[in-house]
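Novice: got a predicted structure plus its sequence, pasted below:
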Amino acid sequence: MNKTYIIISPSFPEFTEQDFFGWFHVKLVPVLASFTPEMLRGVTTNMNCTNYHIIVSGMAKVVSAIPQQRLQEIADVLLEYLQDSAAVINQPDCRTGIKTDAQWIETNLGPFSPYITYSELKFFNLSLGALVNVLSPTQKAELIMDPDSGGLEDAILVKEVLTNLTESGDEEQLGQFFQVFTQILQQTNTTFILNAAVRETILNLTLNGLAPKFVSFEVEDYELWFQVYLVPVIASLHPDSLRVIPSNISCESYEAIVTGLMESLEFLPLGISMDVRASLESLQETFPDCAELDSFTCKETHVDEMLICWGVDSSQLQKTLEDNNSTSAVCNFTIIEHACTTPTNLTAGNLATLLTCSVESNKPYVVEVWQLLFHKASPILSQALDMFATMAPTTMSSAYSNALDALGEVVVKKLTQDELKSKDAIRSRFQMELRPFLASPSTNFLSCLGTYNFSCQTYQLV
């Protein structure tokens, strides 16, 4: 190739269309895969678009034989030519036979277009709609993430892109898309997609596209998808979404899915995470044997006030407590609103009354909310629990299992080694303060109790 190039290159300026076609479509084909980027730059310099198109289509014939690294270098030379020729490349003479932007990409870049970034393609003012079918998975991810495309707010565009990807049935292409998609999100410090319609579209189409593949997934595959690729859209997961998961997966695969969902609760605002929490419960019901193995481990609850209080306005509660600190006033607000306010005006009597109102309303709250409330009220918590014990109904709702879990971390976990062996201390905690909540202990509460160093006497009191 080198010797041939040295001989014919001086004649390139005089070559006609027929000459270029004869060399690049016939004579050079057996060695054209060895054509270097430097050679390509030399032949295309000052070349008209017609001859350029002949070169591109000739190189396309041997693309499968070109080394991977050189493919990128050749694409860079082609892009350089197009950018230098921007003033004429879209003129009528250069668009002969080109009716769409998709054809424009095929004619001007051929099979080398996947090695051009979407941001580089934008330079040529191509229409988004025409591009979806010809963009590579990487370029599709860049398209959605590009601020100018508005992809993260455009569910219709996202549906078109994901449908194009999933209908191919090519899991590798879908993986390439999500690899770039998640990388760009990480670079912009974006943990999850805010637009619910976009998020749901990506998740649902992806899960449906992966459904036939799940039966052959290994544990590592479930880890990759549920702990990495699907993380930005996991907030839109709901119990029905999980029907695509085969019923005979291993407990290791089950654990991989659960871990991904549990980890998402550490960055999703409480209001957005409720479907994920429902999905976790659904998984536990669907795979009871695997859930049982996991249930006997004491798990700590991750409490992040910013996530719990995201979108919660407690200003009215704060003003009410300042103006009217009566016991009746506290019941006009939810447990979450109380947990998200400054607790300086909350008395032990008010907290006891709030717990009583909450029992009557029978509205469940997640462990994190209770734990935040109890933590903020810790200076008056013991007194409030003593008061509540005299006011609480004989039978407490199972919804208060979460409150007990929270008290386990705020009260029981804080017991010193001496208190764990003190009958008076344990009697005060378990037979007075915690008594109303003990009718519905969770497995996790009991598992955590098993980690404490009670004496025989205090164990019996518990």
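Specialist: Nice, thanks for sending it over. Model, not experiment: these values are computed from the prediction.

Novice: can you give me the buried ones in stretch 424-438?
Specialist: Buried residues in stretch 424-438, counted by 16 or more other C-beta atoms under 10 Å: 425-426, 428-430, 433-434, 436-437. Glycine gets a C-beta too; all of them are placed from N, C-alpha and C.

Novice: I meant to write stretch 405-417 there.
Specialist: 405-412, 415.

Novice: cool, and stretch 304-314?
Specialist: Here stretch 304-314 shows 304, 307-309, 312, 314 as buried, counting by 16+ other C-beta under 10 Å.

Novice: check contacts around Glu337.
Specialist: By C-beta atoms under 8 Å, 6 or more residues apart in numbering, the contact set of Glu337 is 312-314, 317.

Novice: ok, so of these, who is nearest Gln18?
Specialist: Nearest to Gln18 among the contacts of Glu337 is Val312, at 74.5 Å by C-beta to C-beta.

Novice: tell me which element the closest one falls in.
Specialist: Using DSSP states H and E, Val312 maps to neither a helix nor a strand.

Novice: where do the helices sit along the stretch 101-250 of the chain?
Specialist: 101-109, 118-121, 128-131, 137-145, 155-166, 171-187, 196-214, 219-224 (DSSP state H, counting those that start in this stretch).

Novice: ok, residues contacting the longest one?
Specialist: Which is helix 196-214. Outside helix 196-214, the residues within contact range by C-beta under 8 Å, 6+ apart are 151-155, 158-159, 162-163, 165-167, 169, 171, 174, 178, 192-193, 225, 230, 232-237, 241, 244-246, 249.

Novice: quick check on those: which are buried?
Specialist: By 16+ other C-beta under 10 Å, the contacts of helix 196-214 give 151-152, 154-155, 158-159, 162, 165-166, 171, 174, 178, 192-193, 225, 230, 232-237, 241, 245, 249 as buried.

Novice: what is the nearest of the buried residues of stretch 424-438 to Gln187?
Specialist: Phe437 (45.5 Å).

Novice: so that closest one sits against Asn402, correct?
Specialist: No - Phe437 sits out of contact with Asn402 when judged by C-beta atoms under 8 Å, with a separation of 9.7 Å.

Novice: what about the stretch 1-150 of the chain, any weak spots by pLDDT?
Specialist: For the stretch 1-150 of the chain, the stretches flagged by pLDDT under 70 are 128-129.

Novice: can we see that at 90?
Specialist: 1-7, 9, 11, 46, 68-69, 86-102, 119, 121-134, 148-149 (pLDDT under 90).

Novice: could you do the stretch 351-462 of the chain as well?
Specialist: Using pLDDT under 90, the flagged stretches of the stretch 351-462 of the chain are 356-364, 391-400, 439-440, 443.

Novice: in it, mark out all the helices, start to finish.
Specialist: Going by DSSP H, counting those that start in this stretch, the stretch 351-462 of the chain shows helices at 367-376, 378-391, 401-410, 417-420, 423-428, 443-449, 456-461.

Novice: can you redo these as JSON lines with distance to Tyr118?
Specialist: Shown next, in JSON lines, are these (distance: least, C-beta to C-beta, whole Å):
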{"stretch": "helix 367-376", "distance to Tyr118": "40"}
{"stretch": "helix 378-391", "distance to Tyr118": "53"}
{"stretch": "helix 401-410", "distance to Tyr118": "46"}
{"stretch": "helix 417-420", "distance to Tyr118": "61"}
{"stretch": "helix 423-428", "distance to Tyr118": "64"}
{"stretch": "helix 443-449", "distance to Tyr118": "47"}
{"stretch": "helix 456-461", "distance to Tyr118": "64"}
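
Novice: for Leu283, which of those is the nearest?
Specialist: Closest among those, using C-beta to C-beta: helix 443-449, at 15.3 Å.

Novice: domains in the protein, by residue range?
Specialist: The record's domain split for the chain, according to automatic domain parsing, is 1-127, 136-295, 306-461.

Novice: for the longest one, measure first residue to last.
Specialist: Read that as domain 136-295. Distance between the two ends of domain 136-295: 44 Å, counting by C-alpha to C-alpha, to the nearest Å.

Novice: run the chain-centre distance for that domain.
Specialist: In this view, domain 136-295 has its centroid 6 Å away from the chain centroid, taken as C-alpha atoms, centre = their mean, to the nearest Å.

Novice: circling back: quick check, nearest of the buried residues of stretch 424-438 to Ser216?
Specialist: Using C-beta to C-beta, the buried residues of stretch 424-438 come closest to Ser216 at Phe437, 46.1 Å.

Novice: show me the contacts for the closest one.
Specialist: By C-beta under 8 Å, 6+ apart, the contact list for Phe437 reads 396, 400-401, 403-404, 407.

Novice: out of these, give me the two with the largest separation.
Specialist: Met396 and Leu407 (12.5 Å).

Novice: ok, back up a step: can you put the buried residues of stretch 424-438 in JSON lines and add distance to Asn108?
Specialist: Converted to JSON lines, the buried residues of stretch 424-438 look like this (distance: C-beta to C-beta, whole Å):
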{"residue": "Ala425", "distance to Asn108": "80"}
{"residue": "Ile426", "distance to Asn108": "79"}
{"residue": "Ser428", "distance to Asn108": "81"}
{"residue": "Arg429", "distance to Asn108": "76"}
{"residue": "Phe430", "distance to Asn108": "77"}
{"residue": "Glu433", "distance to Asn108": "76"}
{"residue": "Leu434", "distance to Asn108": "73"}
{"residue": "Pro436", "distance to Asn108": "75"}
{"residue": "Phe437", "distance to Asn108": "70"}
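
Novice: quick check: the farthest pair among those residues?
Specialist: Most distant of the buried residues of stretch 424-438, by C-beta to C-beta, are Ala425 and Pro436, 18.7 Å apart.

Novice: kindly tell me how buried Gln91 is, as a neighbour count.
Specialist: Residues near Gln91, counting by other C-beta atoms under 10 Å, number 10.

Novice: any idea how far it lies from Ile98?
Specialist: If you measure Gln91 against Ile98 using C-beta to C-beta, to the nearest Å, the figure is 11 Å.

Novice: and if you look at Phe267?
Specialist: Taking C-beta to C-beta, one finds Phe267 at 46 Å from Ile98.

Novice: likewise Gly175?
Specialist: Distance from Gly175 to Ile98, by C-beta to C-beta: 32 Å.

Novice: gap between Ser328 and Thr353?
Specialist: 8 Å.
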